[in-house]
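1. Give the three-dimensional model of this entry:
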Amino acid sequence: ALRAVFGWESARDYWFPEIRSRLGAVIVLSAALFPYVFLLARTAFCEQSGGAYEVARALGAGPWRRFLRVGLPLARPAVAAGVAIVMMETLADFGTVDYFAVQTLTTGIFSVWLQSGNAGGAAQLAAVMLGLVFLLMALEKLSRRRSRYHQPARSARPVTPIQLSGISAWAASLACAIPFILGFVLPGGVILWHALNTPGYWVDQGLARALVHTLVTGGAAAVICVALALFMVYGVRQSGRRLPRLLLPLTTLGYAAPGAVLGVGILIPLARFDNWLADLVYGLTGHDIGLVLTGSAFAIVLAYVVRFFAIAQGAADAALGRVAPNLPLAARSLGRSAGGALREVHIPLIRGSVGTALLLVFVDCVKELPATLLLRPFNYHTLATRVHEKASLEQIGQAAPAALLVIAVGLVAVLLMAPGR
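-> Alright, predicted model coming up:
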């Protein structure tokens, strides 16, 4: 359109910034990962006491000075946690950096393994990525090792909001709208436009198979994660021993590992065991069963469980901690076993949290791309891998329906978890 209006005939007649570049990837990742910092920071600012701001104002501090000297330092733990999550998610990302042609450690793992066939080199890159993750976590903790942040014991008076008007109100509204437009309205509108212009791709058999595979793998991983989390957290609470309490947090380390690292760490030993099992069965029965584990969706489900178990474990631990201790004790006094108390007392009381954990794990499984690409069998697609494959081939119209389905899953999760539902 611009070429027709201004009469441009070639790229030498005009200049536009390079989209597929490091800057483009940074903008896209910032827009996509902005909610991680926003949600944690917003909660931290809302929970602050208005008394600290009033003391600062009485000492002559203006609005900006109160923010920089009072509000921001008190919110630092939440902001640091959000930034740490964003950095780990950026380190683990593959789809964005691959589409924007930016070389990272994640893309290096795929190039070394899939293109060069060097599993050892891919494992070395995965070890470097895992080391960077632990380094980021350690640096964040060291940066605030001597800092202490406490809330007052009594109910604190909330911060009095400042009523904006005129240019200030418009500027604040625009600043709040920019992340929403860049992170949702613009990409969602473009994808919706492509999907509506190519309605025939909605009835593609490949899309239907990808949807079924996504529901099967994501649903199975969500159920296994939540069931294992309930069993382990409840068992640790019932045992009352120190060692299980110390070992339980180790089960959440998989969430810090990028998907590509998990893919490498799972596929190499699992493939060896799968080949050994097939040779053993063939030697005993003369029947070749093939690759049962790596030739099916088992490896994908296993990776999802390892990576997202932390979400289910955290939800289960918080939910079981809210159950009054006298209720299960009463059930035990009436002759119920520990398992019976869990089924008849705990689970009915925490079914909302269990449902939320199932939903959160399922949504993350739907979006997971690197581990799925590495561990999927041949010609096995989920919605995420279909979007990546079609977008890589510049077939945006074919990628749009699957992308909209992924967005719809996230929106449904938000609506179901919204307060007052």
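
2. centroid residue for this structure?
-> The C-alpha lying nearest the average C-alpha coordinate of the chain belongs to residue 364 (C-alpha atoms, centre = their mean; 5.3 Å).

3. Wait, that one touches residue 310, no?
-> No. Checked against C-beta atoms under 8 Å, the pair residue 364 and residue 310 is beyond contact range at 10.2 Å. From N, CA and C alone the C-beta is placed, and that goes for glycine too.

4. Could you work out the end-to-end span of stretch 375-386 for me?
-> By C-alpha to C-alpha, to the nearest Å, the extent of stretch 375-386 from end to end equals 15 Å.

5. Could you pull out the buried residues of that stretch?
-> Across stretch 375-386, burial judged by 16 or more other C-beta atoms under 10 Å covers 375, 376, 380, 381, 382, 383, 384, 385, 386.

6. Redo the residues you listed as TSV? Include pLDDT and secondary structure.
-> What follows is the buried residues of stretch 375-386, written out as TSV (pLDDT from 0 to 100; DSSP: H, G, I helix; E, B strand; the rest coil):
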residue	pLDDT	secondary structure
375	87	helix
376	87	coil
380	89	coil
381	90	coil
382	91	coil
383	91	helix
384	91	helix
385	91	helix
386	91	helix
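
7. wait, which of those is closest to residue 194?
-> Residue 194 lies nearest to residue 386 out of the buried residues of stretch 375-386, by C-beta to C-beta, at 14.2 Å.

8. Please list all residues in contact with that closest one.
-> By C-beta atoms under 8 Å, 6 or more residues apart in numbering, the contact set of residue 386 is 206, 207, 210, 399, 402.

9. Next one: the residue nearest to the centre of the chain relative to residue 272, how far apart?
-> Distance of residue 364 to residue 272, computed by C-beta to C-beta, to the nearest Å: 28 Å.

10. now do residue 297
-> With the distance defined as C-beta to C-beta, residue 297 ends up 19 Å from residue 272.

11. So which of those two has more stuff around it?
-> Taking other C-beta atoms under 10 Å, residue 297 and residue 272 do not tie; residue 297 has more neighbours (20 against 11).

12. Can you get me a residue count around the nearest residue to the more buried one once chain neighbours are set aside?
-> Of all residues beyond its chain neighbours, the one nearest residue 297 is residue 217 (5.2 Å), with distances taken as C-beta to C-beta, 6 or more residues apart in numbering. Look at residue 217: counted by other C-beta under 10 Å, it has 24 neighbours.

13. can you tell me which residues contact residue 217?
-> 297, 300, 301, 304, 365, 382.

14. Looking at these, which is nearest residue 68?
-> Closest approach to residue 68 among the contacts of residue 217 (C-beta to C-beta): residue 365, at 40.6 Å.

15. need the contact list for the closest one.
-> Counting by C-beta under 8 Å, 6+ apart, residue 365 has contacts 214, 217, 218, 221, 222, 304, 308.

16. Could you tell me which of those belong to helices?
-> Secondary structure from DSSP state H places 214, 217, 218, 221, 222, 304, 308 of those in helices.

17. most surrounded residue in those?
-> Most surrounded of the ones in helices among the contacts of residue 365: other C-beta under 10 Å gives residue 304, at 30 neighbours.

18. Once you drop chain neighbours, what's closest to that one?
-> Going by C-beta to C-beta, 6+ apart, residue 304 has residue 221 as its nearest residue, at 3.5 Å.

19. cool, and residue 396?
-> residue 194 (5.2 Å).

20. Is that neighbour within a helix or a strand, and which one?
-> Remark: residue 194 resides in helix 186-197, with elements defined by DSSP states H and E.

21. Could you list the residues in contact with that helix?
-> Outside helix 186-197, the residues within contact range by C-beta under 8 Å, 6+ apart are 31, 201, 202, 396, 397, 399, 400, 401, 403, 404, 407.

22. repeat that with 7 Å
-> Under the contact criterion C-beta atoms under 7 Å, 6 or more residues apart in numbering, helix 186-197 has outside partners 396, 397, 400, 401, 403, 404, 407.

23. low pLDDT regions in the stretch 51-200 of the chain?
-> Within the stretch 51-200 of the chain, the stretches with pLDDT under 70 are 137, 140-156.

24. tell me the strands in it, going along the chain?
-> Counting by DSSP state E, counting those that start in this stretch, the stretch 51-200 of the chain forms no strands at all.

25. Where do the helices of it begin and end?
-> Taking DSSP state H, counting those that start in this stretch as the test, the helices found in the stretch 51-200 of the chain are 63-66, 72-74, 76-92, 95-99, 105-110, 119-143, 167-180, 186-197.

26. so of these, which one's packed in deepest?
-> helix 105-110 (a mean of 21; mean count of other C-beta atoms under 10 Å).

27. packing partners for it?
-> Packing partners of helix 105-110 (3 or more C-beta pairs under 7 Å, 6 or more residues apart in numbering; DSSP states H and E): helix 95-99, helix 119-143, helix 259-285.

28. just how off-centre is that helix within its chain?
-> Centroid separation for helix 105-110 versus its chain: 19 Å, with C-alpha atoms, centre = their mean, to the nearest Å.

29. Pull the residues that contact that helix.
-> 92-94, 97-98, 122, 125-126, 128-129, 258, 260, 264, 370.

30. related to what we said a few turns ago, among the contacts of residue 217, which one lies nearest to residue 66?
-> Nearest member of the contacts of residue 217 to residue 66, counting by C-beta to C-beta, is residue 365, at 43.0 Å.

31. Not counting its neighbours along the chain, what's nearest the closest one?
-> residue 218 (3.7 Å).

32. Same check on residue 342?
-> Counting by C-beta to C-beta, 6+ apart, residue 342 lies nearest to residue 234, which is 5.5 Å off, once chain neighbours are set aside.
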